[in-house]
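Visitor: One predicted model, sequence on top.
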Amino acid sequence: MGMTIAEKILAKKGGLKKVGPGDLVTVEVDTVILFDNNFMTNRWREILKVKDPDSLIVVFDHRVPAATQASAVAQKIGREFVAKFGVKRFHDVGYSQGISHQLVADHGYGLPGSVLLCSDSHTCSAGVFNCVARGVGQPDIVYAAVKNETWFRVGETVRYELEGKLPRAVTTKDAFLQIAGRHGDHATMNVEYGGPGIKDLGINARKTLTTMSAELSAEFATFEPDDVMLEWVRARNPAPFEPVYPDRDAKYAAVRKVDLSRLEPLVAFPDSVIENSYPIAKAAGTAIDQAFVGSCANGTLDDLELAAQVVAGRRVSPKVRFIVTPGSQTIYREAVRLGVIATLLDAGAVVTSSTCGACGGGHMGLLGPDETCITSTTRNFKGRMGDPSAKIYMGSSATVAASAITGVITDPREFLN
């Protein structure tokens, strides 16, 4: 019996011929990302040595520019760490600022066939580039930085075969919400995406699926390689790599088809996406106080352009705060050049610098008591974006923008068809 993509990468990086579900494997780690939360004084323990500074990336993203005195101290400690070990790939506040998972895409940091670690839960985002990437705890991330190795228990894999082409005003966020709504929790399992439908999906659309796979509680989320992805990486990173394809006789816990052409806009209701996503008609008309586009899942240039298409020539409802946070300053600059930011601002949106920001309840857009928000970010847990009594609905960036205009949750097809 053959192996899945994740199993083949773990076997190779563990120096083994074959691994399967249930195996414990120690693997070489190619890339370790440290971000500002790692340097918070309640977590930080000074690292005295690292095995390979060139394997490290340091990113400030969760609360940038510094939102509190504690976050300012953490970033100061992080800068000292970068200087101490001569870390070359450093994304401080400024030109190269961005959310770590978006920076992986911007710079081709996630090489096919590699192992990438970070302690943020959405690290599986990088799996769009045919690598195994996972969020781990602070002790594991420190150990990986010092030793360039870690261990995993190999889980079963569920494969999603994507077919067809997305209708206008429907996105891979809606595809994810269908998967989460129908198939529920994938704890201890890996998710593998492939199929003929990927040929019509850009990297940003694919990355939404791998990023959001964290909300399925998946261990790894990987994409089958194709020319689009391989050229994306080669254009951004000259380092050599070997793409990894699943064996034809790979064993999956399940193989499920997703017909993209039959999708409609979906919305996750407050507090969970698991078995809690419904056609938008069920939520339509719900009054909102805030609409938010951003995060590592949906702060891409495609998302900003989609939101701008919806609001062009219109004005945001006076009852709504419409906040847009690009995933990186690179995206922000390109959106400025294309006129996307001007369109959003003219409509009444507030566009922030790139950061995790309101997505994790860090800053720049927290919710007050009993407020209602629709977001295209990663998570809608109770208390995630502010007060625990606030209600957080989740949809695509098109759905969020349409709702910002009307002041109630709205089907984006009303604006885009």
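Guide: Nice, I can see it. Residues are numbered from 1 along each chain as shown.
Visitor: average pLDDT across stretch 200-207?
Guide: What stretch 200-207 shows for mean pLDDT is 98.
Visitor: From here on, call the first residue 17.
Guide: Got it, the first residue is 17 from now on, which makes the last one we talked about stretch 216-223.
Visitor: so what's C312 up against?
Guide: I115, S116, H117, Q118, H138, S141, T227, G343, C372, T394 (CB atoms under 8 Å, 6 or more residues apart in numbering). C-beta here means a position set from N, CA and C on the backbone, and glycine is covered the same way.
Visitor: what do you get for F145?
Guide: Counted by CB under 8 Å, 6+ apart, F145 has contacts V120, A121, G124, G126, L127, P128, F239, M245, W248, V249.
Visitor: Of those residues, which belong to helices?
Guide: V120, A121, M245, W248, V249 (DSSP state H).
Visitor: from those residues, which two are the most distant?
Guide: Largest separation among the ones in helices among the contacts of F145 by CB to CB: V120 and M245, giving 12.9 Å.
Visitor: just checking, what packs against the helix or strand of the chain with the lowest mean pLDDT?
Guide: Sorting the helices and strands of the chain by mean pLDDT, DSSP states H and E puts helix 429-432 at the bottom, at a mean of 94. On a contact count with 3 or more CB pairs under 8 Å, 6 or more residues apart in numbering; DSSP states H and E, helix 429-432 meets helix 317-327, helix 413-422.
Visitor: which of those helices sits most buried?
Guide: helix 413-422 (a mean of 30; mean count of other CB atoms under 10 Å).
Visitor: Identify the residues contacting that helix?
Guide: 185, 187, 189, 281, 283, 296, 304, 307-309, 314, 319-320, 322-327, 330-333, 336, 338, 363, 365, 390-392, 411, 425-428, 430-432.
Visitor: try 7 Å this time
Guide: 185, 187, 281, 283, 296, 304, 307-309, 314, 319, 322-323, 326-327, 330, 332-333, 336, 338, 390-392, 425-428, 430-432 (CB atoms under 7 Å, 6 or more residues apart in numbering).
Visitor: Output that helix in PDB with nothing but the alpha carbons.
Guide: Provided in PDB are the C-alpha atoms of helix 413-422 (Å, rounded to 0.1, in the frame of the first residue of the first chain):
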ATOM      1  CA  SER A 413     -14.900  38.500   1.800                       C
ATOM      2  CA  ALA A 414     -17.600  39.100  -0.900                       C
ATOM      3  CA  THR A 415     -20.300  38.300   1.700                       C
ATOM      4  CA  VAL A 416     -18.600  40.600   4.300                       C
ATOM      5  CA  ALA A 417     -18.400  43.500   1.900                       C
ATOM      6  CA  ALA A 418     -22.000  43.100   0.700                       C
ATOM      7  CA  SER A 419     -23.100  43.100   4.300                       C
ATOM      8  CA  ALA A 420     -21.100  46.200   5.100                       C
ATOM      9  CA  ILE A 421     -23.000  48.100   2.400                       C
ATOM     10  CA  THR A 422     -26.500  47.000   3.500                       C
END
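Visitor: could you give the angle of that helix to helix 317-327?
Guide: 30 degrees (axes from the mean of the first three to the mean of the last three CA atoms, to 10 degrees).
Visitor: How far off centre is helix 413-422?
Guide: Centroid separation for helix 413-422 versus its chain: 20 Å, with CA atoms, centre = their mean, to the nearest Å.
Visitor: now it: mean pLDDT?
Guide: 98.
Visitor: Dump the ones in helices among the contacts of F145 into CSV; add neighbour count, pLDDT and distance to L193 as well.
Guide: Listed next are the ones in helices among the contacts of F145 as CSV, based on neighbours: other CB atoms under 10 Å; pLDDT from 0 to 100; distance: CB to CB, whole Å:
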residue, neighbour count, pLDDT, distance to L193
V120, 29, 98, 23
A121, 29, 98, 22
M245, 20, 98, 23
W248, 17, 98, 25
V249, 24, 98, 28
